[in-house]
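Trainee: Sequence first, then the predicted structure, then my questions.
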Amino acid sequence: EDKVVQSPLSLVVHEGDTVTLNCSYEVTNFRSLLWYKQEKKAPTFLFMLTSSGIEKKSGRLSSILDKKELFSILNITATQTGDSAIYLCAVNYGGATNKLIFGTGTLLAVQP
Amino acid sequence: DVKVTQSSRYLVKRTGEKVFLECVQDMDHENMFWYRQDPGLGLRLIYFSYDVKMKEKGDIPEGYSVSREKKERFSLILESASTNQTSMYLCASSFAGAGHEQYFGPGTRLTVT
């Protein structure tokens, strides 16, 4: 059975801390791995990773994929209260249909 | 900017009622999806559609049906709402072809009493 597992389930840090969120997967027909950020509304797209070892970066956020060990990490440096959200990891297994299987998410709370 | 809109942010219905949730996207996306999101279970795919009038069951289709009569609009129907269908419902859309992310609507929080 295909699955995506995220850890930790929740995390509380202080502003300025660096956090690492984990996502492991066992998915047949893997096409890509995606990260989303969900505040109290629609999940918003962060990164799509298809190749091992190539870091994607956007400001204080970065992510990397290891297709041999079947995991990805999302790093957030110098955290801010605005980073507080649920971070969702998903794997595209549907090819042209772009169907995704999601992990349960990591709830990040950044305290001032 | 891609926009995916859903007809209601909050909805309260009674057990046994027929419920319609509507989703509209403005980016000419071929694929559209309906998910429900529950604490501890994440997002689970109910149905998706890859073209007008075309649909496929997702992982949890029981108790739901869908309709896609126009490319931009995808409706989720609860034929006879039950309390275990109380949830957050998220619609998403994407272009066809591998390598396209899904864009999500703001969600509808449905409570069935």
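Mentor: Cool, got the structure.
Trainee: Please, which helix or strand holds B:Phe33?
Mentor: B:Phe33 belongs to strand B:31-38 when elements are defined using DSSP states H and E.
Trainee: For that strand, buried residues please.
Mentor: B:31-37 (16 or more other C-beta atoms under 10 Å in any protein chain shown). All C-beta atoms are positioned from the backbone trio N, CA, C, and that covers glycine.
Trainee: relative orientation of the lengthiest strand in chain B and strand B:31-38 in degrees?
Mentor: The residue-count maximum for a strand in chain B (DSSP state E) belongs to strand B:42-51. Using axes from the mean of the first three to the mean of the last three C-alpha atoms, to 10 degrees, one finds that strand B:42-51 and strand B:31-38 are set 160 degrees apart in direction.
Trainee: Flag every residue of chain B that's near chain A.
Mentor: B:4, B:31, B:33, B:35, B:40-45, B:48, B:50, B:56, B:58, B:90, B:94-107 (C-beta under 8 Å from any C-beta of the partner chain).
Trainee: check contacts around the nearest residue to B:Ile46 once chain neighbours are set aside.
Mentor: Distances taken as C-beta to C-beta, 6 or more residues apart in numbering or on different chains put B:Trp34 closest to B:Ile46, at 4.5 Å, once the chain neighbours are dropped. By C-beta atoms under 8 Å, 6 or more residues apart in numbering or on different chains, the residues touching B:Trp34 are B:21, B:23, B:45-48, B:58, B:64, B:66, B:74, B:76, B:89-91.
Trainee: Dump these to JSON lines, plus distance to A:Leu88 and pLDDT.
Mentor: As requested, the contacts of B:Trp34 are exported to JSON lines (distance: C-beta to C-beta, whole Å; pLDDT from 0 to 100):
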{"residue": "B:Leu21", "distance to A:Leu88": "21", "pLDDT": "98"}
{"residue": "B:Cys23", "distance to A:Leu88": "19", "pLDDT": "97"}
{"residue": "B:Leu45", "distance to A:Leu88": "13", "pLDDT": "96"}
{"residue": "B:Ile46", "distance to A:Leu88": "17", "pLDDT": "98"}
{"residue": "B:Tyr47", "distance to A:Leu88": "20", "pLDDT": "97"}
{"residue": "B:Phe48", "distance to A:Leu88": "17", "pLDDT": "95"}
{"residue": "B:Gly58", "distance to A:Leu88": "17", "pLDDT": "94"}
{"residue": "B:Tyr64", "distance to A:Leu88": "22", "pLDDT": "98"}
{"residue": "B:Val66", "distance to A:Leu88": "23", "pLDDT": "98"}
{"residue": "B:Phe74", "distance to A:Leu88": "21", "pLDDT": "98"}
{"residue": "B:Leu76", "distance to A:Leu88": "20", "pLDDT": "98"}
{"residue": "B:Tyr89", "distance to A:Leu88": "16", "pLDDT": "98"}
{"residue": "B:Leu90", "distance to A:Leu88": "11", "pLDDT": "97"}
{"residue": "B:Cys91", "distance to A:Leu88": "16", "pLDDT": "98"}
